[in-house]
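Peer 1: Just a sequence and a predicted model for now, questions to come.
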Amino acid sequence: MLRTLLIYLSQANWARKMVTQWRFTRAAASRFVAGDTLKEALSATMQLNAKGFWGTLDLLGENVDNREGAIASAEAYSAVLHALENENIKAGISLKLTQLGLGFDYDLCQENLIHILEVASACNNFVRIDMEESALLENTLRIFKRVRAMGNQNVGVVIQSYLKRSEQDVLDLLDIGANIRMVKGAYREPANIAYSRKRDVDANFDLLVRHMIDYAALNSSSPGDGKIPPTTVIATHDEKRIIIARDHARELGLTKSQLEFQFLYGIRPNLQVKMANEGYPVRIYIPYGTQWYPYFVRRLAERPANLWFFLSNLVRR
């Protein structure tokens, strides 16, 4: 019930207007958001690089509703890619297709993504397409498959284990050798298409990751080289899910570099260090920008510890 309420609040404009006026809220959000500017995000990424982590930068600002804004988002991401190359920073980018116009102009969105992929290719870098709510899933996968069929191998996609259709999506994507990041999911979805119980979401997560690991073993998938992650990317802070994935990969003889574990900026840093110390590639998802409210509230919805952190700061204030 609480998670459902928080996800609703993450999408409610009235809540955004109220909460973002509280001074302490932005300070609390700084635990999960690297800053308002690209300069701040690059600084945070370099600090993580120094600890042995790779990064993926996400410019917050989904659901752009006009052509000028969508084109500006594409240019902003191109600037990120050039900055990463110029500063020799170990990071790629993650983006949402609604930033590029998916919500109102499919063709414009695809054009913007192709432009970003061309810049990423010139910079020898990688682009991850984040998954949004289920209403956008078909078009997101359609665009991903289209740009990949055009020869863009430097692009990956995200699948959410709380959706009941995700097993078939994973199998279809593996058939074309897609690079997949597996997550649990953080949007409000109807019960007929999404699992509502945590144990069902977890069980599906484990199943889908097994499919990905099985594919990597059967096809001798290449290890990642940092710039380009391996085809099997596991994004969770649930240590039990990590252990199950790690042990299955070991049983099938995968090398550690054939997996990548991804974590969100500011969440469970000790677990991030633990996995890196075990020799696995670790990448940190680093969001930044002024449009931080929806992302911040979704993080509160994901884990009780995050919500307690926010509430304890509220009480102190």
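Peer 2: Nice, I can see it.
Peer 1: Make sure Tyr285 is indeed in a strand.
Peer 2: Yes - according to DSSP: H, G, I helix; E, B strand; the rest coil, Tyr285 belongs to a strand.
Peer 1: That one: what's it in contact with?
Peer 2: By CB atoms under 8 Å, 6 or more residues apart in numbering, the contact list for Tyr285 reads Gly55, Thr56, Asp58, Ser94, Ala235, Gln262, Phe263, Leu264, Tyr265. (C-beta placed from N, C-alpha, C; glycine too.)
Peer 1: let's see it at 10 Å
Peer 2: 32, 55-58, 94, 128, 130, 181, 183, 235, 262-267 (CB atoms under 10 Å, 6 or more residues apart in numbering).
Peer 1: quick one: which of those residues sit in strands?
Peer 2: Those of those mapping onto strands are Gly55, Thr56, Leu57, Asp58, Ser94, Arg128, Arg181, Val183, Ala235, Gln262, Phe263, Leu264, per DSSP state E.
Peer 1: Rebuild those residues as CSV, extending it with neighbour count.
Peer 2: Listed next are the ones in strands among the contacts of Tyr285 as CSV, based on neighbours: other CB atoms under 10 Å:
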residue, neighbour count
Gly55, 27
Thr56, 25
Leu57, 28
Asp58, 27
Ser94, 24
Arg128, 24
Arg181, 25
Val183, 21
Ala235, 19
Gln262, 26
Phe263, 20
Leu264, 22
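Peer 1: Now whichever strand or helix holds Ala216: buried residues?
Peer 2: Element membership of Ala216 [criterion: DSSP states H and E] is helix 198-218. Under the neighbour-count criterion of 16 or more other CB atoms under 10 Å, helix 198-218 has 201-202, 204-206, 208-217 buried.
Peer 1: Give me the spatial nearest neighbour of the residue nearest the centre of the chain, chain neighbours excluded.
Peer 2: Central residue of the chain (CA atoms, centre = their mean): Asp130, 5.3 Å from the mean position. Here the nearest residue to Asp130 in space, its sequence neighbours aside, is Lys96; by CB to CB, 6 or more residues apart in numbering that works out to 4.9 Å.
Peer 1: where exactly do the strands run in the stretch 101-250 of the chain?
Peer 2: Counting by DSSP state E, counting those that start in this stretch, the segments of the stretch 101-250 of the chain that form strands are 127-129, 155-160, 180-183, 232-235.
Peer 1: want to throw those into TSV with mean pLDDT?
Peer 2: As requested, the strands of the stretch 101-250 of the chain are arranged in TSV below (pLDDT from 0 to 100):
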stretch	mean pLDDT
strand 127-129	98
strand 155-160	98
strand 180-183	98
strand 232-235	97
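Peer 1: of all these, which lies closest to Gly103?
Peer 2: strand 127-129 (14.7 Å; CB to CB).
Peer 1: can you list the domains in the chain?
Peer 2: 1-33+292-317, 54-289 (automatic domain parsing).
Peer 1: Need the winner for burial among those.
Peer 2: Highest mean neighbour count among these (mean count of other CB atoms under 10 Å): domain 54-289, with a mean of 18.
Peer 1: from the chain's centre, how far out does that domain sit?
Peer 2: Mean-position distance between domain 54-289 and its chain equals 5 Å (CA atoms, centre = their mean, to the nearest Å).
Peer 1: Can you measure across it, start residue to end residue?
Peer 2: One end of domain 54-289 sits 20 Å from the other (CA to CA, to the nearest Å).
Peer 1: again, but for stretch 173-182
Peer 2: 12 Å.
Peer 1: low pLDDT regions in this protein?
Peer 2: 1-28, 292, 300, 302-317 (pLDDT under 70).
Peer 1: Go again with 50.
Peer 2: Within the chain, the stretches with pLDDT under 50 are 15, 313-317.
Peer 1: that older thread, I'd like the ones in strands among the contacts of Tyr285 as a markdown table, with distance to Leu173 appended.
Peer 2: Shown next, in a markdown table, are the ones in strands among the contacts of Tyr285 (distance: CB to CB, whole Å):
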| residue | distance to Leu173 |
| --- | --- |
| Gly55 | 24 |
| Thr56 | 19 |
| Leu57 | 24 |
| Asp58 | 21 |
| Ser94 | 17 |
| Arg128 | 13 |
| Arg181 | 11 |
| Val183 | 14 |
| Ala235 | 15 |
| Gln262 | 17 |
| Phe263 | 22 |
| Leu264 | 23 |
